[in-house]
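In: how would this look folded up:
(chains A and B)
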Amino acid sequence: MLKAENLSKHYLQGGTEVVALEDFSYSFPAGATAIVGPSGSGKTTLLNLLAGFDVPSRGRVELAGERLDELNEDERAAVRLRHAGFVFQSWNLLPTLTALENVAFPLLLAGVARVQREERAQELLSRVGVAERAEHRPNQLSGGEQQRVAIARALALEPAVLFADEPTGNLDSASGRKVLDLLLAHAGDERRLVLVTHDLDVASHAQRILHLRDGRLIDIEKSG
Amino acid sequence: MELIRLVWRNLTARTTRSIFTWLGIAVATASMVLFLSFGEGLRQALAVEMGNMGPQIRVVAQGTDAFSPPLPELPPEMLEKIKYLAPELGISKVIPAVVMFRGGFDPSSSFLFYGLPEGADPRDFYPKAQVSAGRIDPHPDGAVVGSKKAELNHLQLGKLLRLSHDVKLKVVGVLKPASSMIDSFIFLPLKTLQKVLGTNNYGVFLINLKPGVKADEVAQKLEEAIPGIDAQSSSEALKYAEKAMRIGDLIRFGISLVALVVGGLLVANTVMMSVYERTREFGIMRAVGARRRFIFSLVLAEALFLALAGGAAGVLAGVIGSSVINVYTQHAVGLALSAVTPRLALFAMGIALGLGLLAGVLPARNASRIAVTEALGRI
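Out: Residues are numbered from 1 along each chain as shown, chains lettered A, B, ... in the order given. Model (predicted):
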């Protein structure tokens, strides 16, 4: 479902080659997997490649049976739409749309009819506990509420893989805990949560913790 | 439909900028509509005028253009020749006339005198002509004045009109307003005008045809039979006018193009700024799964929406402006010289949309090609 083989990413920076990720191989099992490491260890680069935001310099990455490294941008976008959801550190909601419309946005891209879209979006907002904020714009919501709306949006098409990059980074501990619980609730028998964090306490809630350093996978720790 | 809702949301989220851009396009389109409305107005006025004219053929000396007052260059022998050919060519009536123009650009100080022979009056020139005061026939020694001329120059019945130091005429008739060129004419006896000009020649022969006779064919036969003349049928005169007006249209369009280019740059600037400001938004959309085409369509639709709304407002403003201009020209020359025809309105809308399209393509292309990692600052 989500698999990486010999994944490498090299950049040219000021004429010098920078190794952001080197020979990463891992097959993500169902459930929650945390990726931890210090700044510059390659966490974000790895998530970019796993989600198809970027293409590797070498190696292969497979999401829902599709070789992302062989697809063009639009094809990768289509795979993301059908099989992946995203929650980032900064909330990443569309500022001109209401909470309800933000959650309904992936459904719009998937061609779901308006009535069904709105029903589904309302149901998801209820599930994450912000149903009463449906008609509010992102700038009228607190950080925790925005992050819960982002989770609702990520779950809109019931994705097989949920990517979360420092999802609790900007939240107070109570809001962070709620957000983490919602994310973990999604990871189950068939579903995967890939949680990138530098917070070991947050990572400890995942079943597995991958440790990165200098662009290399140095340890796989079983947890929970 | 959903795309339109998204476009509306984005434009209303930046209301002030959207309104200014919309106004820019509206002003550019309105200026173009107004400039070009003169050509359309003239076309309409001419077509109506030609349809209302009595004579089907106008014979002038070779080299005289269709809409200039002809000089008295046609000798009496030519009149005899035409009269001789008349039965054969199906000509029912030949009216020899002399035209004299005096004055300048100001309509109130310009005078166009038409000398008509005995037995002819303004109705031979313009069949619907009627008098509001006095009589319609200027003979033997009077002047019949068009309504607009009478109003602008206070030429009421009995007023004395001095044509030269020894030729003076009294106004014997004032015509009813006809919304035609005839409103600005002064009809006189032919002999009087010939005396003023010191000639026995004629300036123009106005020719009426028997029913069913084709004007273009008769005009051609006349030119073949009598060297040194131009025989112009109404349709030929219209064709000539159309040529002249097209040149005018091009010049006016060229001038209005400046405003249009400024309007186009406004849209391009607004959309480009909007794209830069919304880089992150586009990144989010791409991350969630939007294809490039979706982003491209969204940005292009914003530009087109602005252009469409601005174009429609511009056409409306042009219609209002054209009406105001017509109030003035009606007062000055008795004619509506500006018209916003459906074809002009469609042309203006087409240009506004084309402008939006041109201005939107580049920003739309840039927006659709933003890399997700860059847009979300994930490098």
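In: could I have the strand or helix carrying A:F163 exported to PDB, CA atoms only?
Out: In the assignment (DSSP states H and E), A:F163 maps to strand A:161-165. What follows is strand A:161-165, C-alpha atoms only, in PDB (Å, rounded to 0.1, in the frame of the first residue of the first chain):
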ATOM      1  CA  VAL A 161      -2.900   6.700   4.000                       C
ATOM      2  CA  LEU A 162      -3.000   9.800   6.100                       C
ATOM      3  CA  PHE A 163       0.100  11.900   6.200                       C
ATOM      4  CA  ALA A 164       0.600  14.300   9.100                       C
ATOM      5  CA  ASP A 165       3.600  16.600   9.400                       C
END
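In: On the C-terminal side of it, identify the next helix or strand.
Out: Toward the C-terminal end, the helix or strand that comes next after strand A:161-165 (DSSP H and E) is helix A:173-186.
In: ok now the helix or strand that that following helix is followed by, how far from the chain's centre?
Out: Next helix or strand after helix A:173-186 toward the C-terminus (DSSP H and E): strand A:192-196. Taking the mean of its C-alpha atoms, strand A:192-196 sits 6 Å from the chain's own mean (C-alpha atoms, centre = their mean, to the nearest Å).
In: Can you list the buried residues in the helix or strand just after strand A:192-196?
Out: Sequence-wise, the next helix or strand downstream of strand A:192-196 (DSSP H and E) is helix A:200-203. Residues of helix A:200-203 classed as buried: A:V202, A:A203 (neighbour count, 16 or more other C-beta atoms under 10 Å in any protein chain shown). For glycine as for every other residue, the C-beta is placed from the backbone atoms N, C-alpha and C.
In: Helix A:200-203 - contacts with which helices or strands?
Out: strand A:31-36 (3 or more C-beta pairs under 8 Å, 6 or more residues apart in numbering or on different chains; DSSP states H and E).
In: pLDDT averaged over the strand it packs on - what is it?
Out: Strand A:31-36 shows a mean pLDDT of 94.
In: That one - which strands sit beside it in the sheet, and in what orientation?
Out: Paired strands of strand A:31-36, with direction, are strand A:192-196 (parallel), strand A:208-213 (parallel) (DSSP bridges).
In: Nearest to the spatial middle of chain A, which residue is it?
Out: Taking C-alpha atoms, centre = their mean, the centroid of chain A lies closest to A:F163, which sits 1.7 Å from it.
In: okay, now the domains of chain B?
Out: B:2-47+B:241-375, B:63-227 (automatic domain parsing).
In: Could you provide the ones you listed in a markdown table, with additional columns for mean neighbour count and mean pLDDT?
Out: Output for the domains of chain B, formatted as a markdown table (neighbours: other C-beta atoms under 10 Å in any protein chain shown; pLDDT from 0 to 100):
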| stretch | mean neighbour count | mean pLDDT |
| --- | --- | --- |
| domain B:2-47+B:241-375 | 19 | 86 |
| domain B:63-227 | 18 | 85 |
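In: So which of the ones you listed is nearest chain A?
Out: Between chain A and the domains of chain B, the shortest gap by C-beta to the nearest C-beta is with domain B:2-47+B:241-375, which sits at 2.6 Å.
In: how far does the closest one sit from the chain's center?
Out: In terms of C-alpha atoms, centre = their mean, the centre of domain B:2-47+B:241-375 is found 23 Å from the chain centre.
In: Any idea how far apart the tips of it sit?
Out: End-to-end distance for domain B:2-47+B:241-375: 24 Å, by C-alpha to C-alpha, to the nearest Å.
In: Briefly note if it comes near chain A.
Out: Yes. Residues of domain B:2-47+B:241-375 are located near chain A by C-beta under 8 Å from any C-beta of the partner chain, namely B:2, B:9-10, B:13, B:280-281, B:284-294, B:371-373.
In: which residues in the stretch 1-150 of chain B form strands?
Out: Ranges of strands within the stretch 1-150 of chain B are B:57-61, B:91-102, B:111-116, B:131-134, B:142-145, based on DSSP state E, counting those that start in this stretch.
In: Out of those strands, flag the one nearest A:Q147.
Out: Set against A:Q147 and scored by C-beta to C-beta, the strands of the stretch 1-150 of chain B come closest in strand B:111-116, at 82.5 Å.
In: Check the offset of that closest one from the chain's centre.
Out: Distance, centroid of strand B:111-116 to centroid of chain: 24 Å (C-alpha atoms, centre = their mean).
In: could you dump the strands paired with strand A:31-36 to JSON lines with mean pLDDT and mean neighbour count?
Out: Conversion of the strands paired with strand A:31-36 to JSON lines gives the following (pLDDT from 0 to 100; neighbours: other C-beta atoms under 10 Å in any protein chain shown):
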{"stretch": "strand A:192-196", "mean pLDDT": "94", "mean neighbour count": "25"}
{"stretch": "strand A:208-213", "mean pLDDT": "94", "mean neighbour count": "20"}
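In: Mind putting these into CSV with distance to B:Q130?
Out: Output for those, formatted as CSV (distance: least, C-beta to C-beta, whole Å):
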stretch, distance to B:Q130
strand A:192-196, 92
strand A:208-213, 99
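In: didn't B:L79 look like it was pressed against B:V94?
Out: Yes. At 6.8 Å, B:L79 counts as touching B:V94 under the criterion of C-beta atoms under 8 Å.
In: coming back round to it: figure out which of the domains of chain B is closest to A:R114.
Out: domain B:2-47+B:241-375 (7.4 Å).
In: Now do the contacts for residue 216.
Out: Using chain A here. A:L21, A:E22, A:D23, A:F24, A:G42 (C-beta atoms under 8 Å, 6 or more residues apart in numbering or on different chains).
In: Actually, chain B is the one I wanted.
Out: B:D216 is in contact with B:S233, B:S235, B:E236, counting by C-beta under 8 Å, 6+ apart.
In: what's next to stretch A:75-86, contact-wise?
Out: Stretch A:75-86 has contacts (C-beta under 8 Å, 6+ apart) with A:51-52, A:63-64, A:66, A:68, A:71, A:92, A:106, A:109-110, A:150, A:153-157, A:159-165, B:286-292.
In: and what of stretch B:359-372?
Out: A:48, A:53-54, B:264-265, B:267-268, B:271-272, B:274-275, B:278-279, B:282-283, B:286-287, B:292-293, B:295-300, B:302-304, B:307, B:378.
In: what does chain A have sitting close to chain B?
Out: So chain A meets chain B at A:44, A:47-48, A:51, A:53-54, A:73-74, A:77-78, A:80-82, A:86, A:88, A:92-97, A:105-106, A:108-110, A:114, A:153, A:165 (C-beta under 8 Å from any C-beta).
In: quick one: which of those residues sit in strands?
Out: Applying DSSP state E to those, the entries found in strands are A:F86, A:D165.
In: Tell me which stretches of chain A form helices.
Out: With helices called from DSSP state H, chain A shows them at A:43-51, A:73-83, A:99-109, A:114-127, A:143-154, A:173-186, A:200-203.
In: Save those as JSON lines, and put in mean pLDDT too.
Out: Shown next, in JSON lines, are those (pLDDT from 0 to 100):
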{"stretch": "helix A:43-51", "mean pLDDT": "93"}
{"stretch": "helix A:73-83", "mean pLDDT": "94"}
{"stretch": "helix A:99-109", "mean pLDDT": "95"}
{"stretch": "helix A:114-127", "mean pLDDT": "93"}
{"stretch": "helix A:143-154", "mean pLDDT": "91"}
{"stretch": "helix A:173-186", "mean pLDDT": "85"}
{"stretch": "helix A:200-203", "mean pLDDT": "89"}
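In: Among the contacts of stretch B:359-372, which are located in strands?
Out: Going by DSSP E, the strands hold none of these.
In: Looking at those residues, which are in helices?
Out: Per DSSP H, those map to helices at A:48, B:264-265, B:267-268, B:271-272, B:274-275, B:279, B:282-283, B:286-287, B:292-293, B:295-300, B:302-304, B:307.
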